[in-house]
Structure formats: structure tokens, C-alpha cells
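In: Following is a predicted model, sequence given first.
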Amino acid sequence: MTDQQTADEIVDTVARWVDSEVMPNASEFELADAYPDEMVDQLARFGLFGATIPEQYGGLGLDVSTYARVIEELSRGWMSLAGVVNSHLIAAQLITRFGTEDQRRHWLPQMAEPTRRGCFSLSEHDSGSDAAALRCRAVRDGDQWVVNGTKMWVTNGERAGLVALLARACDADGTDHGITCFLVDKQPGPSSGGITVSRNIDKLGYRGLETVEMTYVDHRLPADRVLGGPGGVGQGFHWCLAALELGRVNVAARGVGVARAALDAALAYAETRETFGRPIGQHQGIQFKLAEMATKVEAARLLTREAARKLDGGERADMAAGMAKLFASETAAEVALDAMRIHGGNGFTTDYPVERYYRDAPLMIIGEGTSEIQKMVIGRALMRGDRP
């Protein structure tokens, strides 16, 4: 566990940087859909690409509770920055928890530096919420695997040097051994071996970082690229669901950060914008709305920190992470819209950041499992006897 003083110092350092460097510049990059190289370099200098990677492999070894607080601060400034880190650390989490010791020693120090950026690739055109329906195949050919298929929604896919790829492991005769996680090393860029970034997906929000479609055509992998070694064949789906608990806490923390930013913007506007001879914050109707917004933000934060606490304690956290992700993501959307309403016509312009919060929030309702999927996770947990 990260001691409290160290955790507070890390979070405070990130928060000050967000205030001084991110918030004044985020809209410029976001509206242009321009990759923020200098900001990402600063994330690396902070060590955040190794945030949850154990210290023995060169990472910071932060507990999930501290990591969630960091992600909240980053998202308060610009939610896309949290996405740069998240996909990378899901891949690192898979290797940390389920990789062989040789795989951990090989990959994790590179990812902590990061001399190698990671990404996580599960979804396909016809396989999103129904992730088990994926069709990408890796066919065994002697001591190699030959990968063919197309993957969607890969954050960091072009800039990554490592892809945690979920594909069906098959024999040459078509025998399917189940969904398996492969550690695919590639050269950063639009193509590498049999891998091509077939398109960069234009998005409503979550701009400034690449979200891509990646195509694999007869791409060959050595046998040792199976996560967990030979025993990892067929285990990928279960392992990725476990790693996604960290991703869901990340998205919940993002939701808290965006909702908090929207609330702060609404409060600041309510103090200065005047109607009928006084600031709008003095009108009861606006105060009631601000009160509801603040209560939702605090509830989302507490749910997120409880899910992080359970992960830190080694407890089963699927229901807690699902609740946090469900509530925080929906809260971000609701609070962002309320902030826009408080801004009136100004909220509909790019002169104020609330329109960005409004566009970013839907991604969190969809990514790492939709709200409907979270309700399924929570409902099944309740039916097997789990309680919050």
C-alpha cells in the first residue's frame, strides 16, 4: 500500500501541473484533435506509465486508491490524458498478474520507462459488449502463431510498441482452444510486419489521442508470445475480465474528474454571471441544481474509492467496480449537461470548456463495458449473494 504522505504528494504534484499546464491548453489540442506530445512526455516524467507496475520491475507500485486519485486529477484537466495511461496499464496489469516471470522481466521495465508503450485490444466490429464473440484468429504453425483479423477501438494503437491482443487460438485443423491473450510487439507507426492501422476513428469527444482500427494479415508471433506461457492458451477471456476491473476503476475516476470539472465551471460561472440584477448563483433554482450536482459528484467519488479499496485489499471487486463505473459515468454525463444549462447559450460555444465535458462524458458510459453491461455484472453478483 502507498503510504498516505507519498500518495498525497504524488496527487498534489499532478494536480498543480493540471492547473498550470493542462487546463489552459487542453481545449486547443482537443478541438484540433492534436496529439499532446509535451503533455504525454510529462506523464512519463511523472512515472505514470509505470503507476501500477510493481517497483521491482521499475514502476511506481502505486496502490489502486492512489492511482484513482491521480486519474481523477488528470481527467479534471483533460479526460483524454487518462486514456493515454489506461490502455497501457491494462496491458501491464495483464502481464503483472498472469504473465510468466520471464514475461514480466522482459516487458514491464520497458513499459515503466516507457521505452515501449502498451495498448489493449479486445473489441471488434461485431464484438463489443459480447466480447466472447470475437473472430480474430491465431493459428498454430509449428513453433509460431499466425494472426488474422481486424480489431476496433484500440486506444494508443498506432503509437504502441506492445499490443495485448485477444484472439482465438486454433490448430491448423480448425480446433478452437479458446480466447487467448497474445503479447504482440510492433514498431510504433501505421504498419509493422503484418499489422496495419487501417484507419483512425474520428470521434465526438475523447479527442487528441488515436483510437484506431488495426488489421492483422498473416502476422507471425513466436510461441512465447502467449501470455502466461503454454498454460495461458484459452485463458485470455477470463484474464482480461479480471484486468478490466482496474480499467473500470480508471473510467469511474475519469467520470469523477470530468463531473468535478463541470461542477467547478458551473460554480465559477454562477458567481459572475448576473441576471435580474444579481449573480445567478443567488437564485434558488440554480442553487438547487448545484446542490444536486455536488451530491452526485461526491457519491461517485466515494463509490470509486470503495472499489479501489477493495482491489487494494485483494477482495472480489467486480460488483464494486461495476457500481462505481456505472454511477460515475452516468454522473459525468448528467453533471456536464447541467453545467451547460447553467452556462446558457455560452455553454453551447467553444469559448467555455463545458461543451468539451459534455462531448467527453458519453465515452465513459460506453467504454470498458456499457452501463447496461455494468448492470448485468451487478445484478448477477447480487443474485449469487454478494452485497455492497
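Out: Arrived safely.
In: switch to C-alpha atoms for all contacts and neighbour counts from now on
Out: Noted.
In: ranges for the strands of this protein?
Out: With strands called from DSSP state E, the chain shows them at 118-121, 137-141, 144-155, 162-170, 176-185, 191-192, 195-200, 211-222, 274-275, 278-279.
In: List of residues touching stretch 92-106?
Out: Around stretch 92-106, the neighbours that count as contacts under C-alpha atoms under 8 Å, 6 or more residues apart in numbering are 52-53, 57, 107-108, 111, 118, 227-229, 239-240, 243.
In: measure that stretch end to end?
Out: The separation between the terminal residues of stretch 92-106, taken as C-alpha to C-alpha, to the nearest Å, is 12 Å.
In: circling back to that earlier point, who wins for neighbours among the contacts of stretch 92-106?
Out: Neighbour counts for the contacts of stretch 92-106 were taken using other C-alpha atoms under 10 Å; the highest belongs to Gly118, with 31 neighbours.
In: ok so, going back, mean pLDDT added to the strands of the chain, as TSV?
Out: What follows is those, written out as TSV (pLDDT from 0 to 100):
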stretch	mean pLDDT
strand 118-121	97
strand 137-141	97
strand 144-155	97
strand 162-170	98
strand 176-185	97
strand 191-192	96
strand 195-200	95
strand 211-222	97
strand 274-275	91
strand 278-279	95
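In: Output these as CSV; include the columns distance to Lys296.
Out: Compiled in CSV, the strands of the chain are given as follows (distance: least, C-alpha to C-alpha, whole Å):
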stretch, distance to Lys296
strand 118-121, 31
strand 137-141, 43
strand 144-155, 29
strand 162-170, 35
strand 176-185, 37
strand 191-192, 44
strand 195-200, 35
strand 211-222, 30
strand 274-275, 26
strand 278-279, 24
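In: For Ser75, which of those strands is the nearest?
Out: Distances from Ser75 to each of the strands of the chain were compared using C-alpha to C-alpha; the minimum, 16.1 Å, belongs to strand 144-155.
In: what helices or strands is the closest one leaning on?
Out: The helices and strands touching strand 144-155, judged by 3 or more C-alpha pairs under 8 Å, 6 or more residues apart in numbering; DSSP states H and E, are helix 79-98, strand 118-121, strand 137-141, strand 211-222.
In: By pLDDT, rank the contacts of stretch 92-106 and give me the bottom one.
Out: When those are compared on pLDDT, Ala243 comes out lowest, with 89.
In: now that residue: how far from Ser87?
Out: Following C-alpha to C-alpha, the distance that separates Ala243 from Ser87 is 11 Å.
In: thinking again about what came up before, quick one: closest of the helices and strands packed on strand 144-155 to Pro279.
Out: Using C-alpha to C-alpha as the measure, helix 79-98 is the one of those that comes nearest Pro279, at 29.8 Å.
In: mind listing what Ile90 touches?
Out: By C-alpha under 8 Å, 6+ apart, the residues touching Ile90 are Cys119, Phe120, Ala243, Leu244, Leu246, Gly247.
In: one more time with 10 Å
Out: For Ile90, the residues meeting the contact criterion (C-alpha atoms under 10 Å, 6 or more residues apart in numbering) are 52, 96, 118-120, 164, 240, 242-247, 250.
In: Model confidence for it, exactly?
Out: 95.
In: what does Leu134 give?
Out: Per-residue confidence at Leu134 stands at 94 (pLDDT).
In: can you check Glu306 too?
Out: With respect to pLDDT, Glu306 scores 98.
In: Next: Asp126.
Out: Residue-level pLDDT assigned to Asp126 equals 87.
In: residues near it, how many?
Out: With neighbours defined by other C-alpha under 10 Å, the count for Asp126 comes to 13.
In: The protein: helices as residue ranges?
Out: Read by DSSP state H, the chain holds these helices, from start to end of the chain: 4-17, 26-32, 37-46, 64-77, 79-98, 101-112, 236-272, 284-312, 318-343, 354-366, 371-383.
In: I'd like the ones you listed as TSV, with distance to Glu213 appended.
Out: Supplementary listing: these in TSV, determined by distance: least, C-alpha to C-alpha, whole Å:
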stretch	distance to Glu213
helix 4-17	31
helix 26-32	20
helix 37-46	21
helix 64-77	25
helix 79-98	15
helix 101-112	22
helix 236-272	19
helix 284-312	30
helix 318-343	25
helix 354-366	17
helix 371-383	23
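In: So for Asn156, which of these sits nearest?
Out: helix 79-98 (6.6 Å).
In: Any idea how far that closest one is from the middle of the chain?
Out: Relative to its parent chain, helix 79-98 has a centroid offset of 7 Å by C-alpha atoms, centre = their mean, to the nearest Å.
In: quick check: angle from it to helix 37-46?
Out: Counting by axes from the mean of the first three to the mean of the last three C-alpha atoms, to 10 degrees, helix 79-98 points 40 degrees away from the direction of helix 37-46.
In: wouldn't Ser371 be in contact with Ala252 here?
Out: No. Taking contact to mean C-alpha atoms under 10 Å, the distance of 11.5 Å between Ser371 and Ala252 leaves them out of contact.
In: Specify the residue ranges that define each domain of the protein.
Out: With automatic domain parsing serving as the domain definition, the record reports that the chain contains domains spanning 4-112, 118-233, 237-383.
In: Which residue of this structure lies farthest from its centroid?
Out: Here the centre of the chain is the reference, and by C-alpha atoms, centre = their mean the most remote residue is Gly277, at 44.5 Å.
In: Now do the same for it: its pLDDT.
Out: What the model reports as pLDDT for Gly277 is 92.
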